[in-house]
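Q: Whatever this is, show me its structure:
(chains A and B)
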Amino acid sequence: GQQVMQIPQYQHVQEGEDFTTYCNSSTTLSNIQWYKQRPGGHPVFLIQLVKSGEVKKQKRLTFQFGEAKKNSSLHITATQTTDVGTYFCAGPNAMKTSYDKVIFGPGTSLSVIP
Amino acid sequence: EADIYQTPRYLVIGTGKKITLECSQTMGHDKMYWYQQDPGMELHLIHYSYGVNSTEKGDLSSESTVSRIRTEHFPLTLESARPSHTSQYLCASSEITSFREQYFGPGTRLTVT
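A: Numbers count the residues shown, from 1 in each chain, chains lettered A, B, ... in the order given. Sure, this is the predicted structure:
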């Protein structure tokens, strides 16, 4: 079945270092979403990418959608302690009967050492 | 900030009890979802709904049931709680258009003793 994977599973960085998480799908995605979940909190929507090769920026966060629309990345420049949390990517289920269902990746947990 | 609410936030209950987790949203969203998430782990879809009187089971088998009698309300019920049901339950909603952003509630942390 369709799989959405993320690497790495965990990442510990020193404050100020950069961080990147990668999302890979076994099938082509029409679009992809990214969410952030703070420890003890709930997922919060960050962004949606639709076009092949699309790049979007939100302050220190850069999101990219691969040319083949099977992978995506989130890059954080100069991490801060406020970036701590788990970052999930999510894509639509490729099965026609389940198109409106979303498949979440397993997430990348980011720790920032002050 | 999203207007989606879940009660209770925390619940500790004994085995065999019947429980209902409440979820309400004031955004008029047609789609609503229930996810189960163990601490630090991935989200598992257990139920979803496209609108009133529409409910479907998700990818993760669950002994819980849901109902959707009103657009804004999507409660989840466990007829007989067991320790294996201990987890966090997250409710979410989105617009009817395909693959729109999901707004999550704060979650209910359930512990079954």
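
Q: Count the neighbours of the closest residue to A:Gln6 other than its chain neighbours for me.
A: In space, and not counting its chain neighbours, A:Gln6 is closest to A:Gly105: 4.1 Å by CB to CB, 6 or more residues apart in numbering or on different chains. Heads up, the C-betas are built off the backbone N, CA and C, glycines and all. Close neighbours of A:Gly105, defined as other CB atoms under 10 Å in any protein chain shown, add up to 26.

Q: Over to the one 3 residues further on?
A: For A:Thr108, the tally of surrounding residues (other CB under 10 Å) stands at 22.

Q: what residue ranges in chain B score low on pLDDT?
A: For chain B, the stretches flagged by pLDDT under 70 are B:1-2.

Q: hmm, try it at 80
A: B:1-2, B:59, B:61, B:98 (pLDDT under 80).

Q: Run through the strands of it in chain order.
A: Under the criterion DSSP state E, chain B carries strands at the ranges B:4-7, B:10-13, B:19-25, B:31-37, B:44-51, B:54-57, B:65-66, B:76-78, B:87-94, B:103-104, B:108-112.

Q: Of all those strands, which one comes closest to chain A?
A: Nearest to chain A, of all those, is strand B:103-104, at 4.2 Å by CB to the nearest CB.

Q: Which strands border the closest one, and is each parallel or antiparallel?
A: strand B:87-94 (antiparallel) (DSSP bridges).

Q: Please list the residues of chain A that sit near chain B.
A: Within chain A, the positions lying close to chain B (CB under 8 Å from any CB of the partner chain) are A:30-31, A:33, A:35, A:41-45, A:48, A:86, A:88, A:92, A:99-107, A:109.

Q: OK, contacts around the residue nearest to A:Gln6?
A: Shown in contact with A:Gly105 (CB atoms under 8 Å, 6 or more residues apart in numbering or on different chains): A:Val4, A:Met5, A:Gln6, A:Cys23, A:Phe88, A:Cys89, A:Ala90, B:Glu42.
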